[in-house]
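Student: Mind looking at a prediction? Sequence and model below.
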Amino acid sequence: MTPPTPRLHVIDHPLVQHKLTLMRNKEASTNSFRRLLNELASLMTYEVTRDVAMQEVQVETPLETMTARVIDGKKLVFVSILRAGTGILDGMLSVVPGARVGHIGLYRDPKTLTAVEYYFKMPQDMHERDVIVVDPMLATGNSAIAAVERLKELSPKSIKFVCLLTCPEGVAAMHKAHPDVPVYTAAVDRQLNDHGYILPGLGDAGDRMFGTK
């Protein structure tokens, strides 16, 4: 297993690991896989947003007025790499419903395994926002690297990358291309196979989420 680095954060909370194990099971139904992904993403959000900026506001409790802290959810942008990123996106929005949402459409060329962009839609004023990019798998790293490279053209305040699973090859590729972007994951699996899938992994997250295989 790849040892943690300042730019690699493995979220090993027991609830996260429990739900990930249930998702790995090939007998898990589409419905249960989708539900577990949503729950797991919600749990991971707590760690990923641990350093999010806060501001003070006045609030009236039933007894008196006080100063308390809140986050400015509108300054956060969750960017989903289509199509499988949608599952993580839904879970994160359940925790931070005020976040803006961007989408990047990428597909992996089956011959070259490189990422090909077909859609890109972001909120305005990205230079004022903190971006969290989501995709269930960081395998070859090609899609994540291409997505982050595209986002950097808009000069956001910060970028983080969140995935369920990765592997040493994916982590190395991401760190080499974007050493300034921290990676948050629930597990670093053993390796990639010849087809660019993570082993032992959990299969194709998009197919399992949408029941397309």
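Tutor: Great, that's in hand.

Student: From residue 129, how far off is residue 13?
Tutor: 27 Å (C-beta to C-beta, to the nearest Å). Using the backbone N, CA and C atoms, a C-beta is placed for each residue, glycine as well.

Student: which one of the two has more residues nearby?
Tutor: The residue with more neighbours, out of residue 13 and residue 129, is residue 129; 22 against 14, by other C-beta atoms under 10 Å.

Student: partner residues bridging the closest residue to that one other than its chain neighbours?
Tutor: Counting by C-beta to C-beta, 6 or more residues apart in numbering, residue 129 lies nearest to residue 77, which is 4.8 Å off, once chain neighbours are set aside. Residue 77 has these beta-bridge partners by DSSP bridges: residue 100, residue 131.

Student: Can you give me every residue that contacts residue 77?
Tutor: 99-102, 122-123, 126, 129-132, 156 (C-beta atoms under 8 Å, 6 or more residues apart in numbering).

Student: Quick one: buried ones out of these?
Tutor: 99-100, 102, 122-123, 126, 129-132, 156 (16 or more other C-beta atoms under 10 Å).

Student: can I get these in CSV with distance to residue 191?
Tutor: Below are these laid out as CSV (distance: C-beta to C-beta, whole Å):
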residue, distance to residue 191
99, 34
100, 36
102, 31
122, 34
123, 37
126, 35
129, 35
130, 32
131, 29
132, 27
156, 32
